[in-house]
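1. can you look at this prediction? I've put the sequence above it.
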Amino acid sequence: MKEKIIDLKYGKLHLVKTKKFKSINFKILLSDDIKKSDITKRNLLTDYLVSSCKKYKTRKSLALKTQDLYSLYIGSHNTRIGNKFITRFNMSMLNPKYTEESMLLESLDLFHEIIFEPNVKNNKFDKEIFNILKHDLESEIKTVKENSKMYASVRLMESIGSASYSYRGFGYLEDLEEINEKNLYDYYKEFLYKSDIDIYVIGDFNEKEMISLVKEKLNFKTLKKPKGDITINHDKILKKEKVVIEEEKLNQSKLAIGCKLKDLTEFERKYVINLYNMILGGGFNSKFMQIIREQNSLAYYINSNVNKADNLLLISSGISYENYKQVVKLVKEILAKMSKNFITEDELNNVKTEYLSAIDETMDNMDSIVENMIAKDLLNLDELDIRRSKIQEVTIKDIENVSKKIYLDTIYLLKGDNDEKE
């Protein structure tokens, strides 16, 4: 399953031909350097664009049209990856060979309408729909604190520093108050003009026809500019970690710990850190789970994950407050032990097998295939067959060496009132 890349005047078209699936999926990526002030606007804008358009001015009429197109799906999603803010517009349609020949053109017509022909009158978005979506986003922002695990993660990132990883991806109420139908429409035009464009298409299709239709229906007019570095690097390493404790009315305390990664080699960044994380806290058989949860019964859950674009290792746990100091002590001990005679060959071989299985599972899902290609492009990763080979080269010594490049930075505790399990 090979990716063919075609240069367009405004970006790149990534084609993946396969007969493995009955659908054809489209994913348009619009990316730009992230600005904190853009986050709330972008979230509201993308919600608006997929809720109505010039031709189908209400949610109901748009929903009816997608039903006419054999339950066509169109949606949007915003994410921050390192220094970039990335918007995905997704469309999934049943392959026309199972429906009608005209469905490809009709579906792309609608996709075009959603992105390029929004519901606008007098250079403003529709007031009624705008107000509904603005209220929805306000409620979403306000309810984030109700998800204590997510809130602890957000507060940890804010406590680590002021780089873009500290920005709240769901937006800010103070910014939302300043947005109206007019300035959001002005931002929409700027957003289309300044974004880098990548279009991914996967499924069984005629290549020549698809290229022609994409050029016609998804024809962006963008500003050509050099792409900035997506990765956040850390110049400052603390000699002593920061500790931040806040209190809320919770049934369970939430512990979040952030570690900075510094000076990783390409091989370490692409391969070694993945296996390090899996052994440390990335699965049910990890060191954290076995020692902190199973052997000492000190956590309801505990796991870790690596954010390569941010050069961060993040640890998350649900605990009773009375166990806080003991859990932190064990986390520090385990992090220190990872650098010498703590990992067995069996553990290493097991996580290598898990890693390879995860790669194989990627090929069973259309969205996973495309997301893998996106990650490869953004993070400069290798092709899957190279990854399969390179992961086998990782040794215990490699993992021990990379553990010396991980620095504990911030400990955040959201302290609960009692010790009941949620």
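-> All right, it came through fine.
2. Three-state assignment for the residue nearest the centre of the chain, please.
-> Centrality entry for the chain: nearest residue to the mean C-alpha point is T79, 5.2 Å, by CA atoms, centre = their mean. Following DSSP: H, G, I helix; E, B strand; the rest coil, the label given to T79 is strand.
3. how near is it to R59?
-> 24 Å (CB to CB, to the nearest Å). C-betas here are computed from N, CA, C, even on glycine.
4. state the distance from the residue lying farthest from the centre of the chain to S61.
-> The centre of the chain is farthest from one residue, N122, which by CA atoms, centre = their mean lies 35.5 Å away. Look at N122 and S61: by CB to CB, they are 21 Å apart.
5. E101 now?
-> Counting by CB to CB - E101 and S61 are separated by 25 Å.
6. of these two, who's got more company?
-> When E101 and S61 are compared for neighbours, S61 comes out ahead with 12 against 8, by other CB atoms under 10 Å.
7. follow-up on the earlier one: mind listing what the residue farthest from the centre of the chain touches?
-> Applying CB atoms under 8 Å, 6 or more residues apart in numbering, we find N122 in contact with no residue.
8. which stretches in the stretch 1-150 of the chain count as strands?
-> Secondary structure of the stretch 1-150 of the chain, counting by DSSP state E, counting those that start in this stretch: strands at 3-7, 11-17, 23-33, 73-81, 84-94, 120-121, 124-125.
9. quick one: strands adjacent to the fourth one?
-> Read that as strand 73-81. With DSSP bridges as the test, strand 73-81 is paired with strand 84-94 (antiparallel).
10. what about the nearest residue to D310 once chain neighbours are set aside, how many residues close to it?
-> Closest residue in space to D310, ignoring its immediate chain neighbours: Y165 at 4.5 Å, by CB to CB, 6 or more residues apart in numbering. Per other CB under 10 Å, the neighbour tally for Y165 reads 22.
11. now the one 3 residues further on
-> Neighbour count for R168, taken as other CB under 10 Å: 16.
12. so it sits in a strand?
-> No: counting by three-state DSSP, R168 falls outside a strand, being coil.
13. what helix or strand does the residue nearest to it when sequence neighbours are not counted sit in?
-> Among residues not flanking R168 along the chain, V154 sits closest, at 6.0 Å (CB to CB, 6+ apart). Taking DSSP states H and E as the definition, V154 sits inside helix 148-160.
14. what packs against the helix or strand following that helix?
-> Using DSSP H and E, the helix or strand that follows helix 148-160 towards the C-terminus is helix 173-177. Helix 173-177 sits against helix 39-49, helix 127-143, with contacts defined as 3 or more CB pairs under 8 Å, 6 or more residues apart in numbering; DSSP states H and E.
15. which of the ones you listed is buried the deepest?
-> Compared across the helices and strands packed on helix 173-177, helix 39-49 shows the largest average neighbour count, a mean of 23 (mean count of other CB atoms under 10 Å).
16. leaving out chain neighbours, which residue sits closest to Y324?
-> L413 (6.0 Å).
17. in a strand, that's where the one you found is, yeah?
-> Yes: judged by three-state DSSP, L413 forms part of a strand.
18. just give me the neighbour total for Y193.
-> 11.
19. try L280
-> 27.
20. quick one: low-confidence ranges for the chain?
-> Applying pLDDT under 70 to the chain picks out residues 417-422.
21. how is it divided into domains?
-> The record's domain parsing of the chain by automatic domain parsing lists 3-217, 242-415.
22. in a markdown table: those domains, plus distance to K227.
-> Shown next, in a markdown table, are the domains of the chain (distance: least, CB to CB, whole Å):
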| stretch | distance to K227 |
| --- | --- |
| domain 3-217 | 6 |
| domain 242-415 | 10 |
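23. and those: which comes nearest I230?
-> domain 3-217 (4.1 Å; CB to CB).
24. picking that back up, please report how far the residue farthest from the centre of the chain lies from Y185.
-> Note on N122: its distance to Y185, by CB to CB, is 10 Å.
25. go on, E100?
-> Taking CB to CB, one finds E100 at 35 Å from Y185.
26. assign I197 to helix, strand or coil.
-> Classified using three-state DSSP, I197 is strand.
27. helices along the stretch 301-422 of the chain, start to end?
-> Ranges of helices in the stretch 301-422 of the chain, per DSSP state H, counting those that start in this stretch, are 324-337, 345-362, 366-379, 384-391, 396-403.
28. roughly how far is the second one from the heart of the chain?
-> In terms of CA atoms, centre = their mean, to the nearest Å, the centre of helix 345-362 is found 22 Å from the chain centre.
29. kindly report the same for the third one.
-> Helix 366-379 has its average C-alpha position 11 Å from the chain's average C-alpha position, going by CA atoms, centre = their mean.
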